[in-house]
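>>> Quick one, what's the 3D model for this:
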Amino acid sequence: MSPENETAAPTEKGEMKTLELEVAFGDCDPAGIVFYPNYFKWFDQATWRLFTSVGLTLQVLSKRHKLVGHPLVKAGIVFSAPATVGDRLTVFSRVARWGNRSFEVVHRIVKSDGRVAVEGSETRVMAMVDPEAPSGMRAIRIPDEIIARLGGTRDQAG
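Residues are numbered from 1 along each chain as shown. Prediction:
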């Protein structure tokens, strides 16, 4: 089943419910549990929904800030409970850190029975086309407007 498009108000932890989905047969490996790359796919979808929830679509980022996106430079995950076909999962996400050029998004995927399936993090950069290498990208200082819309303050490290 494709993910449902729903973003809710922040939780007490400052997280947003960014994605709800039902695990499909094709999401699983031969052992019958979610194949781990799918969690990273869902993290990516959740990050984009977090940005979109405050009006920062790719089109807005491109037009207003000349950005080509916020590519991933580091990712991590901790597995706590397996998810299988038919499980309903909810992804909660928040920006945990803003640096000068990078930021960290943390995600928590919770099963319908309340157990945490996985927790993970992504470090991303704001990127624009590199004028010295048009087929490449370069990280830029994160615009203050983006930090203000998503909340938090810049920590100056990274």
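>>> quick one: the helix or strand Ser93 falls within to chain centroid distance?
Secondary structure from DSSP states H and E places Ser93 in strand 88-98. The chain centre lies 7 Å from the centre of strand 88-98; the measure is C-alpha atoms, centre = their mean, to the nearest Å.
>>> Make residue 1 into 329 and carry on from there
Shifting the count to begin at 329 puts that one at strand 416-426.
>>> name the helices or strands packed onto that strand?
Based on contacts counted as 3 or more C-beta pairs under 8 Å, 6 or more residues apart in numbering; DSSP states H and E, the elements that strand 416-426 packs against are strand 344-350, helix 365-380, strand 430-439. No exception for glycine: its C-beta is placed from N, CA and C like everyone else's.
>>> moving C-terminal of the second one, what's the next helix or strand?
Read it as helix 365-380. helix 386-393.
>>> Dump the C-alpha coordinates for that next one into PDB.
Extracted in PDB, the C-alpha atoms of helix 386-393 (Å, rounded to 0.1, in the frame of the first residue of the first chain):
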ATOM      1  CA  LEU A 386      11.200  21.400  -3.800                       C
ATOM      2  CA  GLN A 387       9.700  24.100  -6.100                       C
ATOM      3  CA  VAL A 388       9.800  26.700  -3.300                       C
ATOM      4  CA  LEU A 389      13.300  25.800  -2.300                       C
ATOM      5  CA  SER A 390      14.400  26.000  -5.900                       C
ATOM      6  CA  LYS A 391      12.700  29.300  -6.800                       C
ATOM      7  CA  ARG A 392      13.400  31.200  -3.500                       C
ATOM      8  CA  HIS A 393      16.800  29.800  -2.600                       C
END
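>>> Alright, I will stop here.
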